[in-house]
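> The following comprises the amino acid sequence and a computationally predicted model.
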Number of protein chains: 2
Amino acid sequence: MQTNLAGITVAVTGGDARFPVLVKELIAAGARVNVLGLPVTTDDKGVTLYQDIEGCLAGVQAVVLPILGIDDKGLLHCVLSEQTYMLTEETMAQLPKGTHIFAGLASPLLKQMTSRLELRLIELMKLDEVAILNSIPSAEGVVQMAMELLPVTIHGSSAVVLGFGRTGRTLARLLGAMGARTRVVARKPADLARVTEMGLIPVALENMPDCLGDADVIYNTIPAPVLTEEVLAKVSTETIIIDLASDPGGTDFPAAARLGIKAVLTPSLPGRVAPIKAGQILAQPVIRLLAEQRGS
Amino acid sequence: MQTNLAGITVAVTGGDARFPVLVKELIAAGARVNVLGLPVTTDDKGVTLYQDIEGCLAGVQAVVLPILGIDDKGLLHCVLSEQTYMLTEETMAQLPKGTHIFAGLASPLLKQMTSRLELRLIELMKLDEVAILNSIPSAEGVVQMAMELLPVTIHGSSAVVLGFGRTGRTLARLLGAMGARTRVVARKPADLARVTEMGLIPVALENMPDCLGDADVIYNTIPAPVLTEEVLAKVSTETIIIDLASDPGGTDFPAAARLGIKAVLTPSLPGRVAPIKAGQILAQPVIRLLAEQRGS
């Protein structure tokens, strides 16, 4: 990372296994970092540890909140700390207008608070640059899960990927490269053309139910109820469904259980399967945006 | 499987999770199967269960022993049964000369017995058709292991594959397809040329030590002491070594431990990670050879 953030202080408050990596990347980019609720030491020059959120936020030019930000009561998501911390509007009010507030996704409360205080909220998970890079560990985590669940290899298996968004595209390419017979269900003709160009098998959305019968694994990335009871009736009990779509997924899980079909909803995978890589992915736009602000 | 083995009876004695699949494949090919020491039911027409090895072998045209065959005392490897069974030369002597005896690999005792009795011993694991197909679940099992051990993704990781035999070739192709920066260390110029053709990075064996320093994972497939203490001294403590070469591997494990390098020797992977696929792979040459014998 060449960017020089010298003179900039960033508060990193809570978060998961990705956040100590993010702190290291900020330090490497030249920033000073105030840290709260993370197992970070002061071995890296520029790190200062805080026990209270007011102290941690004092005098900073940017704040990085956890991926899930704060809940609807203002509680910070701090999975690596035994302490709990509340982020109140009074505390936030000490920040100058226009201060960057980074979170993965913002709760309605966080949106209201930053809007009222005229802070600049950036939802990292909504940035294409983050979502596309995050789709790599997500896809690998899903393949790892499929390997654990399947009694056959990915190579030669019959895979159906529902959806061709950022994650569907990465997953389909990976499965195809690993030798799976990969069909991709998509709605848009342009997406179906791209599937064909990639050497995979395109299936128009209206033909989806007919292509599920011989699948070893169905990977759903569509965040809508696509695998309904009616559709699941066409799925073999030997098939495994891995649903990557954001909670609650696109599968009627009770119906799948009734039909004897194994269906699992994946947790957020990047932070679990590849925390270092996922931390680096998060750090990139934070550093880029802070450097751009300083340059402007 | 189109082959018709009608009228042929095969004894399947002991074995691991692959062997119930092998029994099913033999039945599907038309054979009758006498089974000993496996969790198989008589639901499939043509299966007969035995409690004693003499009865199981009576009147059969072929015998399939476990992958590890018998040990140096004659004990059958029966990991799925609580019973133990001894295969003695007297029992084997009831088989007509020329009877096919299949095992994964044969112990010296099994070689002596079959040679003295003029039985036709086939070591399945030494057949190219088995070894190449087995390299697929092996390579996937190794990638799964690497995913579990690495805090970064396979995509973008720096991989060094030592050796370009049947397994090295499959693993290198898979890693390259998944987006790893894949170097392959080989001795023969023709192999280095093939590595280049595959879009991977060739490294001549004499240059191996110099290419290990920045590897995230070193995958060894060479069944000789290649990762000696002297070579390991050039490996980072952040690197993971996965040794696939047959026991005892090609790594000086005590030296790796002293140097603080994580190094693991993989167990036999195909039967663990993909028992159904691995059972089908074993069944193919058994069925082919029995059909050929009948045709001749």
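In hand now; what should we look at?

> Write out the residues of the stretch 151-296 of chain A neighbouring chain B.
Residues of the stretch 151-296 of chain A lying close to chain B (CB under 8 Å from any CB of the partner chain) are A:151-156, A:174, A:177-179, A:273-277. Backbone N, C-alpha and C define where each C-beta goes, glycine included.

> what does the stretch 1-150 of chain A give?
Counting by CB under 8 Å from any CB, the residues of the stretch 1-150 of chain A near chain B are A:136, A:137, A:140, A:141, A:143, A:144, A:147, A:148, A:150.

> hmm, back to that, only whichever of the residues of the stretch 151-296 of chain A next to chain B are buried, select them in ChimeraX.
Buried members of those, defined by 16 or more other CB atoms under 10 Å in any protein chain shown, are picked up in ChimeraX with:
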select /A:152,153,154,155,156,174,177,178,179,273,274,275,276,277
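
> Out of the residues of the stretch 151-296 of chain A next to chain B, the closest to residue B:33 would be?
Proximity of these to residue B:33 was ranked by CB to CB; the top entry is residue A:151 with 20.5 Å.

> so what pLDDT did that closest one get?
As predicted, residue A:151 sits at a pLDDT of 90.

> CA atoms only for stretch A:156-172 - export them in CSV, please.
C-alpha atoms of stretch A:156-172 as CSV (Å, rounded to 0.1, in the frame of the first residue of the first chain):
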residue,chain,number,x,y,z
GLY,A,156,-17.6,-34.0,-12.3
SER,A,157,-20.4,-32.9,-10.0
SER,A,158,-23.6,-31.4,-11.4
ALA,A,159,-23.9,-27.8,-10.1
VAL,A,160,-26.7,-25.4,-10.6
VAL,A,161,-26.0,-21.7,-9.6
LEU,A,162,-29.1,-19.6,-9.2
GLY,A,163,-28.3,-16.0,-10.0
PHE,A,164,-25.5,-14.2,-11.8
GLY,A,165,-24.8,-11.2,-9.6
ARG,A,166,-21.4,-10.4,-8.1
THR,A,167,-21.2,-13.6,-6.1
GLY,A,168,-23.0,-15.9,-8.5
ARG,A,169,-20.6,-14.9,-11.3
THR,A,170,-17.5,-15.6,-9.1
LEU,A,171,-18.9,-18.9,-7.8
ALA,A,172,-19.9,-20.1,-11.3
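
> Now do it, average pLDDT.
Rounded mean pLDDT across stretch A:156-172 is 96.

> what's the answer for stretch A:54-62, then?
95.

> If you count neighbours, what's buried in it?
Result for stretch A:54-62 [16+ other CB under 10 Å]: buried residues A:56, A:57, A:60, A:61, A:62.

> try stretch A:161-175
Neighbour-count burial for stretch A:161-175 flags A:161-164, A:166-175 (criterion: 16+ other CB under 10 Å).

> and what of stretch A:190-199?
Buried residues in stretch A:190-199 (16+ other CB under 10 Å): A:191, A:192, A:194, A:195, A:198.

> I'd guessed residue A:293 sits against residue A:99; true?
No. The criterion here is CB atoms under 8 Å, and residue A:293 misses it with residue A:99 at 9.9 Å.

> which residue sits closest to residue A:187, ignoring its sequence neighbours?
What sits nearest to residue A:187 in space, not counting adjacent residues and going by CB to CB, 6 or more residues apart in numbering or on different chains, is residue A:205, at 4.4 Å.

> How confident is the prediction for the one you found, by pLDDT?
In this prediction residue A:205 is given a pLDDT of 95.

> same check, this time on residue A:41
89.
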